[in-house]
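Q: sequence first, then the predicted structure:
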Amino acid sequence: MTDSNYLTESHLVTSGMPPETIIEVDNLKAGYGSTVILDGVSFHVFRGEVFVILGGSGCGKSTLLKQMIGLIEPIAGRILIEGDDIVSATGDERRAILRRFGVMYQMGALFGNLTVLGNVCLPLKEFTDLPDDAIELIARMKLKLVGLDSFADRKPDELSGGMKKRAAIARAMALDPSIVFLDEPSAGLDPITSAELDHLIVNLAHNLKITFVVVTHELPSIFSIADRVIMLDKRTKGIVAEGDPADLRDTSDNPWVRQFFNRDPLPNIFE
């Protein structure tokens, strides 16, 4: 049984609009070879929210992300993106689903031989028939959204860690996706840069109505950005908590969930 608090404090409820499901994961079973990492995982992501996937090391956060973006095929279950199953889709149908979301990988995954502008132009060149001047205009607009318009002609190795993450987010938004997946966006960043990135994510979600699905274990970021979270547990191979992170921290009836959010050490760890 999971803890749950369905968006009681979220901007989605206070807007007066009923939440609309944009992603549905249904009875997902995932693993590698004979090793099962996740079993019977089901949840919804609502349009326009910042949804965080968290948990301890080895709980399956990255595995779940890879399933959701179609990098790995699950053992069983469905993953619906705006109602269409990415697991069973093939050919043009699958390509159409893939265009509905962008991905920012943990280290940014920028191409070092291209400028920042060139990196953001790549998805537009690959997936559209737009002329070069239109592609460049759109890419520059995306860079302006993340505060990097004056760094368009720089190479990735000339950027700070936080700027690389921003450039990767701009590239993930190049095709105007409904959903952006972020893999450990705060990893390797100092606290100030991390807080600035958190602020950017929240602003983009609220102002552009983009749905963000974020994989992270960084508690300050979780409390800053999340409308709702699910917590995975490798012992149960599933979800042990779902809801508002502050509520889970303060009121969960699961001691391990409270321990995680309050950063309490295991008892007798040094004995």
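A: Looks like it arrived, so ask away. Numbers count the residues shown, from 1 in each chain.
Q: ok so Ala205 is a helix residue?
A: Yes - Ala205 forms part of a helix when assessed by DSSP: H, G, I helix; E, B strand; the rest coil.
Q: surely it meets Phe51?
A: No - contact criterion Cβ atoms under 8 Å: Ala205 and Phe51 do not qualify, at 9.8 Å. Backbone N, C-alpha and C define where each C-beta goes, glycine included.
Q: where in the stretch 51-200 of the chain is pLDDT low?
A: The stretch 51-200 of the chain contains residues with pLDDT under 70 at 107-108.
Q: show me the strands in it, by range?
A: For the stretch 51-200 of the chain, strands defined by DSSP state E, counting those that start in this stretch occupy the ranges 76-81, 84-85, 101-104, 179-183.
Q: tabulate those (TSV), appending mean neighbour count.
A: Shown next, in TSV, are the strands of the stretch 51-200 of the chain (neighbours: other Cβ atoms under 10 Å):
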stretch	mean neighbour count
strand 76-81	18
strand 84-85	15
strand 101-104	24
strand 179-183	23
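Q: could I get the ones you listed as TSV with distance to Gly238?
A: Formatted as TSV, the strands of the stretch 51-200 of the chain follow (distance: least, Cβ to Cβ, whole Å):
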stretch	distance to Gly238
strand 76-81	12
strand 84-85	21
strand 101-104	24
strand 179-183	20
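Q: can you check which residues contact both of Ala205 and Phe51?
A: Residues touching both Ala205 and Phe51 (Cβ atoms under 8 Å, 6 or more residues apart in numbering): 211-212.
Q: helix or strand for Asp253, just tell me which one.
A: Using DSSP states H and E, Asp253 sits in no helix or strand.
Q: and for it, the neighbour number?
A: Neighbour count of Asp253, defined by other Cβ atoms under 10 Å: 9.
Q: separation between it and Val240?
A: Using Cβ to Cβ, to the nearest Å, one gets 11 Å for the distance from Asp253 to Val240.
Q: what's the answer for Phe212, then?
A: For Phe212, the distance to Val240 - Cβ to Cβ - is 22 Å.
Q: report the spatially nearest residue to Val257, omitting neighbours in sequence.
A: Sequence neighbours aside, Ala241 is the residue nearest to Val257 in space, at 4.5 Å (criterion: Cβ to Cβ, 6 or more residues apart in numbering).
Q: doesn't that neighbour fall inside a helix?
A: No - using three-state DSSP, the assignment for Ala241 is strand, not a helix.
Q: that one reaches Asp247, doesn't it?
A: No - judged on Cβ under 8 Å, Ala241 makes no contact with Asp247 at a distance of 9.7 Å.
Q: so which of these two has more stuff around it?
A: Set Ala241 next to Asp247 and count neighbours by other Cβ under 10 Å: Ala241 wins out with 28 against 17.
Q: which residues pair with that one across the strands?
A: Asp3, Met231 (DSSP bridges).
Q: any idea how far it is from Ser57?
A: To Ser57, Ala241 is 17 Å away according to Cβ to Cβ.
Q: can you check Asp176 too?
A: Note on Asp176: its distance to Ser57, by Cβ to Cβ, is 35 Å.
Q: so the two - more neighbours on which side?
A: Asp176 (12 against 7).
Q: now that one: how far from Gln259?
A: 41 Å.
Q: looking at this, Gly40 is in a strand?
A: Yes - according to three-state DSSP, Gly40 belongs to a strand.
Q: count the residues that sit near it.
A: 14.
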